[in-house]
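**Q** have a look at this prediction, sequence included:
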Amino acid sequence: DEQHDAQTLLDAVVSNNTEEVQNQTRNLIKKYKKDENALNAIGTFFYKNKQYDEAVFFAKAAYERNNKSLTSILLEGDSYYEQKKFGEAVQKYEEAIYNNPTDKRAYFKRVSVYKFINPQLALETMDTLKAKYPNDPSIDKTMASIYYHLNDTAKASTTYKTYFKSVKLEDDVDAAKEYA
């Protein structure tokens with residue numbers, strides 16, 4: 001039901017019908033005012049359709065119902081990331097980490113921002129995760145890629161070797177290219 005409602009609103013957004021967008025949005029907020037999951041689903045629908053402002057709007061609406069909602073926080077952060085609003089994205093990822101320090105997704109998302117603007121902080125984040133999850137190959141892969149982008153080929157090579165003990169070279173062509 002929310003999928004159909006979101007599609008109707010998306011059609012209004014795409015046609016640039018501002019008045020219809022406002023009416024539809026008001027109606028959806030009224031209809032799903034107590035349903036955090038429906039609001040997140042609508043936001044996710046907009047995110048997948050590259051309508052990031054609307055995704056943020058519905059993520060915030062869901063967040064107002066539950067300010068600990070990891071789905072809402074990450075959806076808002078991801079939408080900012082896609083809009084290249086990296087400061088806002090990192091703030092949401094930090095909030096997600098604070099609210100749920102055991103969920104690795106927010107750490108990886110934060111690192112995806114910091115990898116290029118603050119690689120040292122990205123590595124510190126991955127070191128923290130590595131201490132908690134020493135056998136997670138995705139952590140090794142991410143760390144190796146950061147080292148690679150820092151031109152630290154020795155550490156990149158060593159870390160990729162660790163990663164490729166768990167994953168076959170042919171199963172991860174991008175990592176294999178950096179490793180080579």
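**A** It's in. Numbering: from 1, shown residues only.
**Q** quick one: find the helix or strand in the protein with the lowest mean pLDDT.
**A** In the chain, no helix or strand scores lower on mean pLDDT, DSSP states H and E than helix 2-14, which sits at a mean of 75.
**Q** next secondary structure after it?
**A** Beyond helix 2-14 in the direction of the C-terminus, DSSP states H and E gives the next helix or strand as helix 18-31.
**Q** between helix 2-14 and that following helix, find me the angle.
**A** Between the axes of helix 18-31 and helix 2-14, defined by axes from the mean of the first three to the mean of the last three CA atoms, to 10 degrees, the angle is 160 degrees.
**Q** report the distance from helix 18-31 to the chain centre.
**A** 26 Å (CA atoms, centre = their mean, to the nearest Å).
**Q** next one: stretch 86-94
**A** In terms of CA atoms, centre = their mean, the gap separating the centre of stretch 86-94 from the centre of its chain is 10 Å.
**Q** pull the contacting residues for the residue most central in space within the chain.
**A** Relative to the mean C-alpha position of the chain, the nearest C-alpha, by CA atoms, centre = their mean, is the one of residue 78, at 4.1 Å. Contacts of residue 78 were listed using CB atoms under 8 Å, 6 or more residues apart in numbering, and they are 47, 55, 89, 109. All C-beta spots, glycine's among them, are computed from the backbone N, C-alpha and C.
**Q** by neighbours, which of these wins?
**A** Highest neighbour count within those, by other CB atoms under 10 Å: residue 55, with 26 neighbours.
**Q** and it, what pLDDT?
**A** On the pLDDT scale, residue 55 is placed at 94.
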